[in-house]
Every structure is written in structure tokens, then in C-alpha cells.
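S.K.: following is a predicted model, sequence given first.
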Amino acid sequence: MTVKKVAFYTLGCKLNFSETSTLARMMEQQGYERVEFNQQPDIFIINTCSVTDNADKKCRKIVREAQKINPDGYVAILGCYAQLKPKEISEIPGVDAVLGAAEKFRLVELMPTFEKVQSGQNAQIFNSPIEHAIDYHASYSLNDRTRTFLKVQDGCDYPCAYCTIPLARGKSRSDTVANVIRAAREIAERGVKEIVLTGVNIGDFGLIDGIRNETFFDLVKALDEVEGIERFRISSIEPNLLTDEIIAFVAQSKRFVPHFHVPLQSGSNRVLGLMRRRYKRELYADRVAKIKELMPHACIGVDVIVGHPGETEVEFKETYMFLNELPISYLHVFTYSERPNTTAVSIRPVVPGHIRAERSKMLHILSDKKRRAFYETQLSREATVLFEEDVENGMMQGFTENYVRVVAKYDPLLINETLVVQLTDINADGLVNVTEAPQAVAALVH
């Protein structure tokens, strides 16, 4: 029997990467051969995001590329976009199947029922109402990157005005601490050095069937005892769920690194209210101050949305100045885009597109300045770098525990290895060079 080749393409977040990797392993266990997207696969699986309109457009582009690579290939779309707009996707030329949130982990089971759509027909739709997405499916990525993304939580109960995630992934639900520990040990056995904890709202960890028996703090304490993993990194956590006890524990932990990514979205309390966020800017500033008090060299990343309906020029400047004054390290800037079935689409006035773009540009420039300033505070310090497999022009890169991107001369022995280095200067690309490091230079430049 001919072995069918399958290729995966992932759009969106770390959570999607963890789920794609798990689905790929499930298919390999059933006898499918995983190949790269451009290697004439028989089946294309596209895991989608739908945070912005741009993600939707990317999905369509990937489908077109799949058709060019293999016009006879079978194309299945799953993920958030597939849950939100199954009919729209089913009408995209070249798409053969659409799987919603409750169906995507039934991919292997449903595969035998898939049929190639004939010209002029719409794709098969396997899509239940989001209320049916109640099961939790453990996932983690492998072999995609040096770090492993370990899913610990899914769904969200927060009704943020701009967000479709509750509609795309359902209610908040979690794994158990015991299951996550078991997965972390499996990952450690494969030689992985760093695990990034991921989910939709990981600070809400512990909900199973609507009942909370465990907390994210319980999980952090248990993971800190897992042998074989050198680093745990918290991907993103809501400021109202980032407690003093979590910050204090990370400050003295054996394995959790001093890097926090904390969504802000707006520095204006009025806009935060329009967004239906669960905190005010004062609480956010307090969380940043607490982190820096206990971990002066900690890296702090921030999500911020520009151009949300109702955001005035004065309120944007309030956000800009708030961010400018905070001791943060970088920004992830999102330009607001209208999402159907969210409350934000009814808020007035709407911010014109060109003004959204201007505000986005200002915050991207601020982010570059913040990152540069943070890197400058790290120069002359010793740090531990986990080197990655990406090699370009004879140089390799890696990240310190506090998320400084480092560049060094390529050495194959250093891939997926941690090494103590000294950070010396910032190069023209904005990366930090490593030279004359007392404990590392011999290994780096022999």
C-alpha cells in the first residue's frame, strides 16, 4: 500500500503550533508520512488563526500555494478561522474539508471519510456549535523549534470586546497538574532544554468541567521540580492573574526564567473599560514594578492594541506615555480589526484606518527603542544562552534566560545546548554579540 504524505502549515499562536505538532504525530502513528509543504504531499492540513483579518487572508494564500504544489492534493482547514467561518472557507476553491474546534482532534478518525471535492462544489464541513467544544486535548510541539510549546489550558471565559477567541475555542478548560508533569517528563526524555507554557488564558489554569481544584501557581511549583528541563518560560499571562506569589516564586525558582509577557492592550482606563478588560492601568503598573523589584534584569513583553473603537487621540497618547515610562522590554503591537459577532464593532466612533496605521507605527518605533534600551542594560553581564538551529552566514543565534537575542559564531556542538556567555555589544542588526566570555569564548571561537 502506498504511504500517503501529509504536510502541515500553522498560522497564528504558540498554542496552534503545539496542536499542529500533536496532530502530526497522531497521523504518523497511523502510517502517514509527514513531509514539508513543498514536497508534493497528498494531504495539506492548514491550522488557522482568526485574530485579525490578515490571518484570514493568509489562509487563502496558503490554499492557493497548496494547489500550485499539488493540484490533486487534499486540503483540510482547521483551527479558529474554521470554527468561526466554516461556510466561507468551504467556498474557497481548493478546500476539501473544514474542521471546527470540536472536530479537529478527530482528524485521524475523520480522514477516511474525506472525499476530494469536484470542481464547482463546496468542501465538506465538520463543524459543531462552539458549546460542543468541551473536551481538553493535551498537546505539545516537538522538532519544530529548539523550545517546546506545552499547552496547559484552552478556551477563555473573558468577554473582551474585540476578541473572537471564546467563539473560536470555547470555554476555559485545563489539563491536570499530574498530566502536565507527565508531558514535561516525556519532553525532557527527548533532550529538550526549554518548555514554553502556552494556552489561551494560562493564568486561568485549573478549570475542569467548570470546577477549579488546582491553580496556575500549583502548576508552576510542580513544574519547578521536573528534572531534565533547564528552563520553563511563561508565554503570556493576564495582569490580574499574575499574582505576587507567582512573581515571588519565579524570582527564586530553579527553572522558571525571568521573562514575562503581560497583555496591556491600552494605557487608558476608559479604553480598558470599552475593551471590557478586567484591570486598570494602575494594577498593570504595579505588576511591572513588582517584577522589577524582585528581578531587576527581567524581560517584560507587552501586548497593546491601537485604534480600538472609541480610542481618541488623547487616549492613544496616554497609552504611549504610559508605555514609554514603564520599564518594559518590547511590545507586540496589534492594529485593531473588526471581527464579526464581537461587541467592539458596535462601539463608536470608529478610528479611521490611516490613523490606526499611524498609531501602530509610533508604537513599533517605541518598541524598538525599548528593546534597544533593555539590551543595553544587559551588556557586560553574564547570561545563559540556549542556542538554536537557525544558522545564517556562519553565525548562530539563541536566547538568554531573560530573552535577549544573542548571535555567535556557528558551532554545531552548541545547537540545543545552554552555555554561560558574556554579553558585550549590540550589532547593526540589533542583536547582542558574545565575545571574550570568560566561560564560553573557547567553545564559541575555537
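M.R.: Great, that's in hand. It should be emphasised that the depicted structure is a prediction, and the values quoted were computed from it without experimental measurement.

S.K.: for residue 344, see how far away residue 179 is.
M.R.: 36 Å (CB to CB, to the nearest Å). C-beta: built from backbone N, CA, C; applies to glycine.

S.K.: settle it for me: which of these two has more neighbours?
M.R.: Per other CB atoms under 10 Å, whichever of residue 179 and residue 344 has more neighbours is residue 344, with 21 against 13.

S.K.: now the helices for the chain?
M.R.: Counting by DSSP state H, the chain has helices at residues 14-29, 53-69, 80-84, 86-90, 107-110, 165-169, 177-189, 216-223, 244-252, 269-275, 281-294, 313-325, 353-378, 441-445.

S.K.: ranking these by burial, who's on top?
M.R.: helix 80-84 (a mean of 27; mean count of other CB atoms under 10 Å).

S.K.: packing partners of that one?
M.R.: strand 43-48, helix 53-69, helix 165-169 (3 or more CB pairs under 8 Å, 6 or more residues apart in numbering; DSSP states H and E).

S.K.: and for it, what's in contact with it?
M.R.: If you take CB atoms under 8 Å, 6 or more residues apart in numbering as the criterion, helix 80-84 is touched by 11-12, 48-51, 55-56, 59, 89, 98-101, 104, 127, 130, 133, 164-165, 167-169, 340.

S.K.: dump the helices of the chain to a markdown table, plus distance to residue 386.
M.R.: As requested, those are exported to a markdown table (distance: least, CB to CB, whole Å):
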| stretch | distance to residue 386 |
| --- | --- |
| helix 14-29 | 16 |
| helix 53-69 | 29 |
| helix 80-84 | 30 |
| helix 86-90 | 38 |
| helix 107-110 | 32 |
| helix 165-169 | 30 |
| helix 177-189 | 14 |
| helix 216-223 | 17 |
| helix 244-252 | 18 |
| helix 269-275 | 35 |
| helix 281-294 | 21 |
| helix 313-325 | 28 |
| helix 353-378 | 16 |
| helix 441-445 | 14 |
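
S.K.: what about this structure, any weak spots by pLDDT?
M.R.: 1, 51-53, 55, 144-145, 435-446 (pLDDT under 70).

S.K.: would you indicate which residues of the longest strand along it are buried?
M.R.: Under DSSP state E, the strand in the chain containing the largest number of residues is strand 382-392. With burial defined by 16 or more other CB atoms under 10 Å, the residues of strand 382-392 counted as buried are 383, 384, 385, 386, 387, 388.

S.K.: in its sheet, what does that strand sit against?
M.R.: When sheet partners are counted by DSSP bridges, strand 382-392 sits next to strand 395-400 (antiparallel), strand 418-426 (antiparallel).

S.K.: right, and those strands - which one's nearest residue 282?
M.R.: Checking the strands paired with strand 382-392 against residue 282 by CB to CB gives strand 395-400 as the closest, at 30.7 Å.

S.K.: now do the closest one and helix 353-378, the angle between them.
M.R.: 90 degrees (axes from the mean of the first three to the mean of the last three CA atoms, to 10 degrees).

S.K.: what residues does strand 395-400 touch?
M.R.: 146, 378, 383-390, 405-411, 414-415, 423, 431.

S.K.: quick one: the helices and strands packed on helix 80-84 as TSV, columns for distance to residue 399 too.
M.R.: Formatted as TSV, these follow (distance: least, CB to CB, whole Å):
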stretch	distance to residue 399
strand 43-48	25
helix 53-69	25
helix 165-169	27
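
S.K.: nearest to residue 4, out of those?
M.R.: Among these, strand 43-48 sits nearest to residue 4 (CB to CB), with 6.2 Å.

S.K.: can you tell which of the strands paired with strand 382-392 is closest to residue 193?
M.R.: Nearest to residue 193 among the strands paired with strand 382-392 is strand 418-426 (6.0 Å), distances taken as CB to CB.

S.K.: if you count neighbours, what's buried in that closest one?
M.R.: For strand 418-426, burial by neighbour count (16+ other CB under 10 Å) applies to 418, 419, 421, 422, 423, 424, 426.

S.K.: test my guess that the last one contacts residue 373.
M.R.: No: the pair residue 426 and residue 373 does not pass the contact test of CB atoms under 8 Å, sitting 10.6 Å apart.

S.K.: so residue 35 is in contact with residue 7, correct?
M.R.: Yes: when contacts are counted by CB under 8 Å, residue 35 is listed as touching residue 7 (5.4 Å).

S.K.: if you count what's nearby, which of those two comes out ahead?
M.R.: A direct count of neighbours by other CB under 10 Å for residue 35 and residue 7 places residue 7 higher, at 23 against 15.

S.K.: from residue 65, how far off is the more buried one?
M.R.: From residue 7 to residue 65 the distance is 11 Å (CB to CB).

S.K.: same thing with residue 165?
M.R.: Per CB to CB, residue 165 is found 26 Å from residue 65.

S.K.: still on that earlier bit, out of the helices of the chain, which comes closest to residue 2?
M.R.: helix 14-29 (15.3 Å).

S.K.: please name the bridge partners of the closest residue to residue 28 other than its chain neighbours.
M.R.: Here the nearest residue to residue 28 in space, its sequence neighbours aside, is residue 34; by CB to CB, 6 or more residues apart in numbering that works out to 5.7 Å. Beta-bridge partners for residue 34, by DSSP bridges, are residue 6.

S.K.: assess the claim that residue 34 and residue 24 are in contact.
M.R.: Yes: using CB under 8 Å, residue 34 is in contact with residue 24, at 5.3 Å.
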